[in-house]
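**Q** Turn this into a structure:
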Amino acid sequence: MNKLAFFSGLLFGLGVLLSGMTNPDKVLGFLNIAGAWDPSLLLVLVTAVVMAFVPMQLAQRRSKALLGEPIAFPDTRSITSRLLLGSAVFGIGWGMTGLCPGPSLASLASLHAPQWLFFASMVAGMAGFELWQRAAAKSSQTAPLQTNRKAAPLTAKP
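**A** Predicted coordinates:
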């Protein structure tokens, strides 16, 4: 196992745990800007953006990561229907439950059934999407080519 990845994940998990992002009530209070808004997670948001800004700028200028693996950025910067749909599903799920993928993984340590149910549902949704994408790719590869020409009849040569 990559030690750097392990310690980065551990640091991330501790960060979301200490900041309160694994507490769905705190997150829902932050998202409720029309009601009793709890701005305490704003510091977490601003800190994350500031801390990620410089490394992201540096990464965009490189083709490989510091450990030699390729860096993969999206092919396009345009807003697509898939991006909008994915963002909407993410936002609806976050607003309904107060959990998002990273903090939900960290919250599994609490051994509370709702966090485990959310995580299992999230994994099932990701697996379902992956299966759907594979089926769509397979059907597009096996679809016959459509042409406007009539096929010539097969005749046996003497």
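**Q** so what's Ser104 scoring on pLDDT?
**A** Note for Ser104: predicted pLDDT of 84.
**Q** what sits against the nearest residue to it once chain neighbours are set aside?
**A** Closest residue to Ser104 apart from its sequence neighbours, by CB to CB, 6 or more residues apart in numbering: Phe119 at 5.1 Å. C-beta: built from backbone N, CA, C; applies to glycine. Going by CB atoms under 8 Å, 6 or more residues apart in numbering, Phe119 touches Ser104, Leu105, Ser107, Leu108.
**Q** Report the buried members of those.
**A** Neighbour-count burial (16 or more other CB atoms under 10 Å) applied to the contacts of Phe119 gives Ser104, Leu105, Ser107.
**Q** with those in mind, which one is nearest to Pro55?
**A** Leu105 (21.6 Å; CB to CB).
**Q** who does the worst-scoring helix or strand of the chain on mean pLDDT touch, helix- and strand-wise?
**A** Ranked by mean pLDDT, DSSP states H and E, the weakest helix or strand in the chain is helix 101-107, scoring a mean of 83. The contact analysis (3 or more CB pairs under 8 Å, 6 or more residues apart in numbering; DSSP states H and E) places helix 101-107 against helix 3-19, helix 113-142.
**Q** Alpha carbons of that helix, as CSV, please.
**A** Extracted in CSV, the C-alpha atoms of helix 101-107 (Å, rounded to 0.1, in the frame of the first residue of the first chain):
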residue,chain,number,x,y,z
PRO,A,101,-18.8,10.8,0.0
GLY,A,102,-15.7,11.7,2.0
PRO,A,103,-17.3,12.4,5.3
SER,A,104,-19.6,9.5,4.9
LEU,A,105,-16.6,7.2,4.7
ALA,A,106,-15.2,8.7,7.8
SER,A,107,-18.5,8.5,9.6
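**Q** Residues in contact with that helix: which ones?
**A** Phe12, Gly13, Val16, Leu17, Met21, Thr22, Val27, Leu99, Gln115, Phe118, Phe119, Met122.
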